[in-house]
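**Q** can't give you the sequence, but here's the structure:
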């Protein structure tokens, strides 16, 4: 028996309904208007070169933790994913949990940034942002929340400047860059980073973006667009879809020298875990002496759980906590379930130590 009705009248009815849905959907597409990026009001507190440091405007009745929290995002994507929309904002949920939230926006590198190194990013830009926040709040240390590559940067920063970090939260953060289930790592092992950078200078964001999409080509480049047909007639669902699409394809170029070092030292030689990493000076995870909360996603295809759990037992702190989330790399900070569980848990953990 066929799984659907093949009678001519039923087929015509189905085609008519589909045509009406598509027509309505096209009307919604024409009227969708500008797609906003970042919804929580914020203020620029510091700028340097391409970098901008934001403070999300606090509500006096909600700020309970007097130690400010700095979010450090990856270089390879835009940080507004943490504040993508009103009902899916990690930033807003952290503020609701009583945190005073700052965010580093690395901006869009151009040819002038070709020779920026990891030392420039971590001991330069990031360190100056921390100093600005400490001075504004008259505190010697702040809390840091590092996400993905930004979490790796935050680990390195905390190892190099433990006197400036009170508590560290890492989210979907790789430490072991060569776990067997890391498909991205298997690909990167074959990349001649020297040839790429020496030829191209800065590495185009579009090239990296297509690499990430091809890790799950059917789901990320086929299935989701077929599913779009089911949301075209819902204006709000359509806006949500387009907002995510805007973020996915908003990929900054990567400063050449920083890209070269990150690929070679982290992915190809796994120095953060094995030792031998130098960013201005030697980096040792044993110097991460402050409390650490490690948050990872159980279905993460970019940073497998074992890549994050590898920090267990490798740090210099005895106050180490893990929090797993039953979702993926993006879902951990945009899904409805994550909003209800992850930021409140982070806020509670920070409050107990701040």
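**A** Looks like it came in fine. Small disclaimer: the values here were computed from a predicted structure and weren't measured. Numbers count the residues shown, from 1 in each chain.

**Q** what's the closest non-adjacent residue to residue 342?
**A** Leaving aside its sequence neighbours, residue 342 sits nearest to residue 325 (CB to CB, 6 or more residues apart in numbering; 5.9 Å). In this view, the C-beta of every residue, glycine as well, is placed from N, C-alpha and C.

**Q** For the one you found, name its beta-bridge partners.
**A** The residues listed as beta-bridge partners of residue 325 by DSSP bridges are residue 297.

**Q** Just list the residues touching residue 276, thanks.
**A** residue 269 (CB atoms under 8 Å, 6 or more residues apart in numbering).

**Q** so where's the protein shaky on pLDDT?
**A** 1-6, 9-35, 212-230, 232-233 (pLDDT under 70).

**Q** can you give me the strands in the stretch 201-350 of the chain?
**A** 278-279, 281-282, 292-297, 320-325 (DSSP state E, counting those that start in this stretch).

**Q** Can you show me the helices along the stretch 51-200 of the chain?
**A** 90-96, 118-119, 127-137, 149-160, 183-188, 193-200 (DSSP state H, counting those that start in this stretch).

**Q** Adding distance to residue 267, write the ones you listed out as CSV.
**A** Formatted as CSV, these follow (distance: least, CB to CB, whole Å):
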stretch, distance to residue 267
helix 90-96, 26
helix 118-119, 13
helix 127-137, 24
helix 149-160, 11
helix 183-188, 4
helix 193-200, 9
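
**Q** Let's have the ones you listed in JSON lines, adding mean neighbour count and distance to residue 59.
**A** Below are the helices of the stretch 51-200 of the chain laid out as JSON lines (neighbours: other CB atoms under 10 Å; distance: least, CB to CB, whole Å):
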{"stretch": "helix 90-96", "mean neighbour count": "23", "distance to residue 59": "7"}
{"stretch": "helix 118-119", "mean neighbour count": "21", "distance to residue 59": "36"}
{"stretch": "helix 127-137", "mean neighbour count": "17", "distance to residue 59": "17"}
{"stretch": "helix 149-160", "mean neighbour count": "26", "distance to residue 59": "25"}
{"stretch": "helix 183-188", "mean neighbour count": "16", "distance to residue 59": "39"}
{"stretch": "helix 193-200", "mean neighbour count": "14", "distance to residue 59": "45"}
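
**Q** Out of these, which gets nearest to residue 340?
**A** helix 90-96 (8.2 Å; CB to CB).

**Q** how far out from the middle of the chain is the closest one?
**A** 15 Å (CA atoms, centre = their mean, to the nearest Å).

**Q** who's in contact with that helix?
**A** In contact with helix 90-96 (CB under 8 Å, 6+ apart) are residues 39-40, 56, 58-59, 62-63, 69, 71, 82-83, 86, 101, 103, 145, 333-334, 338-339, 342-344, 346-347.

**Q** again, only this time at 7 Å
**A** With CB atoms under 7 Å, 6 or more residues apart in numbering as the test, helix 90-96 has contacts from 40, 56, 58, 62, 69, 82-83, 101, 333, 339, 343, 346-347.

**Q** cool, stretch 123-141 as well?
**A** Applying CB under 7 Å, 6+ apart, the set of residues contacting stretch 123-141 is 45-46, 48, 51, 53, 67-68, 70, 72, 102, 104, 142, 153, 157, 160-161, 164-166, 279-280.

**Q** For the residue nearest to residue 196 when sequence neighbours are not counted, give me its contacts.
**A** In space, and not counting its chain neighbours, residue 196 is closest to residue 203: 6.3 Å by CB to CB, 6+ apart. Contact analysis of residue 203 by CB under 7 Å, 6+ apart lists 196-197, 253-254, 256, 259.

**Q** Residue 292 is nearest to which of the helices of the stretch 51-200 of the chain?
**A** Set against residue 292 and scored by CB to CB, those come closest in helix 149-160, at 8.2 Å.

**Q** Out of the helices of the stretch 51-200 of the chain, flag the one nearest residue 234.
**A** Here helix 90-96 is closest among the helices of the stretch 51-200 of the chain (CB to CB), at 23.1 Å.

**Q** returning to what we had before: can you tell which of the helices of the stretch 51-200 of the chain is closest to residue 7?
**A** Across those, closest to residue 7 is helix 183-188 (CB to CB), at 45.7 Å.

**Q** Could you list every helix and strand that the closest one packs against?
**A** Applying 3 or more CB pairs under 7 Å, 6 or more residues apart in numbering; DSSP states H and E, we find helix 183-188 packed against no helix or strand.

**Q** Name the residues of stretch 268-276 that are buried.
**A** 268, 270-273 (16 or more other CB atoms under 10 Å).

**Q** One more: stretch 53-72?
**A** Buried residues in stretch 53-72 (16+ other CB under 10 Å): 53-56, 58, 65, 67-72.
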